[in-house]
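1. sequence and predicted structure, then a few things I'm wondering about:
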Amino acid sequence: MKNLRLKSARAAMDLSQQQLAELVGVSRQTINAIEKGDYNPTINLCVAICKALGKTLDELFWE
Amino acid sequence: MDVNYYMLGLGVGILTALFVLLILRLAGRGRCAQKYDERQRAAQGRAATTAFYTGMAYSAVCIALDGMFRAEWLTVSSAMFAGLILTVGVYAISCILHDAYFNLSDSPRKTLILLAVLAALQFFNAWRALTDDGLLLDGKLNMQVVMSLPTGVMMALVIITAAVRLALDKRRGERDEES
């Protein structure tokens, strides 16, 4: 299932997938896979993404 | 007991190279572990499984064919080396298809250029062995050709797959950013 909230939060901060990937320490393809719903990140990666975007886990990843 | 010193030297060389790689990997374990992200490491694990089952299937096919046809020109070392190249190629291509081949600090362009040079050397070796000694030596496949030609072909396939994947990924990335 696509993660549109992550995509919106990233766009709101005017970050490209590559820029967010560099902030978090993963590849651009991983960010792309998470946004498309092709990959479920571990809790550590979720926390890292939330910190980079200034959001909570609930806001980005809770359904 | 007849000892094939060429094969012995080759075996020792391969073991030495593996040993050196192991030492380097253990020495840089902390650094290396960061270079691939979690999704890439998971994809590499699945690629290793695919390569393992490919190796098993290849071995089963070799055993069956040997039982049926008994090819005198094919030695065990030739068949095993071909199987080794096949499993390495399957692993590499599977990693490439799941964007797990290049780590975060790799320069794909430099890696592909290096692979292209190595593939060219392998093809040159194979061509030289074929022109100097031919495909068969004493009724058996020429080991120089057996080792160089499949290695060159595997490297060429890896390069082509990686280049196509990188081009598609760049286009997909631009499209995803626009949407």
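-> Cool, the structure landed.
2. all helices for chain A, in order.
-> In chain A, the helices defined using DSSP state H lie at A:4-12, A:17-24, A:28-36, A:43-53, A:57-61.
3. how about the helices in chain B?
-> Going by DSSP H, chain B shows helices at B:5-27, B:29-35, B:38-69, B:76-97, B:108-133, B:143-178.
4. now the helices of chain A as a markdown table including distance to residue B:75?
-> Where C-beta positions appear, they are placed from N, C-alpha and C, glycine not excepted. A markdown table is the format used below for these (distance: least, Cβ to Cβ, whole Å):
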| stretch | distance to residue B:75 |
| --- | --- |
| helix A:4-12 | 56 |
| helix A:17-24 | 48 |
| helix A:28-36 | 42 |
| helix A:43-53 | 49 |
| helix A:57-61 | 56 |
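5. what residues does stretch A:37-50 touch?
-> Stretch A:37-50 is contacted by residues A:1-3, A:6, A:20, A:24-26, A:30, A:33-34, A:56-57, A:59-61, B:37-39 when judged by Cβ atoms under 8 Å, 6 or more residues apart in numbering or on different chains.
6. what is the burial count for residue A:28?
-> 20 (other Cβ atoms under 10 Å in any protein chain shown).
7. now swap in residue A:17 and tell me
-> For residue A:17, using other Cβ under 10 Å, the count is 20.
8. these two touch, right, it and residue B:172?
-> No - with contact taken as Cβ atoms under 8 Å, residue A:17 and residue B:172 are classed as non-touching, separated by 10.6 Å.
9. so what's in contact with those two at the same time?
-> By Cβ under 8 Å, 6+ apart, residue A:17 and residue B:172 have these common neighbours: residue A:32.
10. mean pLDDT lowest where, among the helices of chain B?
-> For the helices of chain B, mean pLDDT drops lowest on helix B:29-35, to a mean of 58.
11. and the nearest residue in space to residue B:154 that is not next to it in sequence, how many neighbours?
-> Take residue B:154 and drop its neighbours on the chain: the residue closest to it by Cβ to Cβ, 6 or more residues apart in numbering or on different chains is residue B:89, 4.0 Å away. Burial of residue B:89, expressed as a neighbour count using other Cβ under 10 Å, amounts to 20.
12. ok, now how distant is residue B:89 from chain A?
-> 22 Å (Cβ to the nearest Cβ, to the nearest Å).
13. contacting residues for that residue?
-> B:154, B:157-158.
14. about what we covered before: which among the contacts of stretch A:37-50 end up buried?
-> In these, burial by neighbour count holds for A:3, A:6, A:20, A:24, A:26, A:30, A:33-34, A:60-61, B:37, B:39, counting by 16 or more other Cβ atoms under 10 Å in any protein chain shown.
15. of these, which is the nearest to residue B:114?
-> Closest to residue B:114 out of the buried ones among the contacts of stretch A:37-50 is residue B:37 (22.9 Å), distances taken as Cβ to Cβ.
16. so what's the predicted local confidence for that closest one?
-> 92.
17. distance of it relative to residue B:144?
-> As judged by Cβ to Cβ, to the nearest Å, residue B:37 and residue B:144 stand 40 Å apart.
18. again, but for residue B:53
-> For residue B:53, the distance to residue B:144 equals 30 Å [Cβ to Cβ].
19. quick one: which of those two has more around it?
-> residue B:144 (17 against 12).
20. tell me how many other residues surround the nearest residue in space to the more buried one that is not next to it in sequence.
-> Once flanking residues are discounted, residue B:144 sits nearest to residue B:129: 3.5 Å by Cβ to Cβ, 6+ apart. A count of nearby residues for residue B:129, using other Cβ under 10 Å, gives 20.
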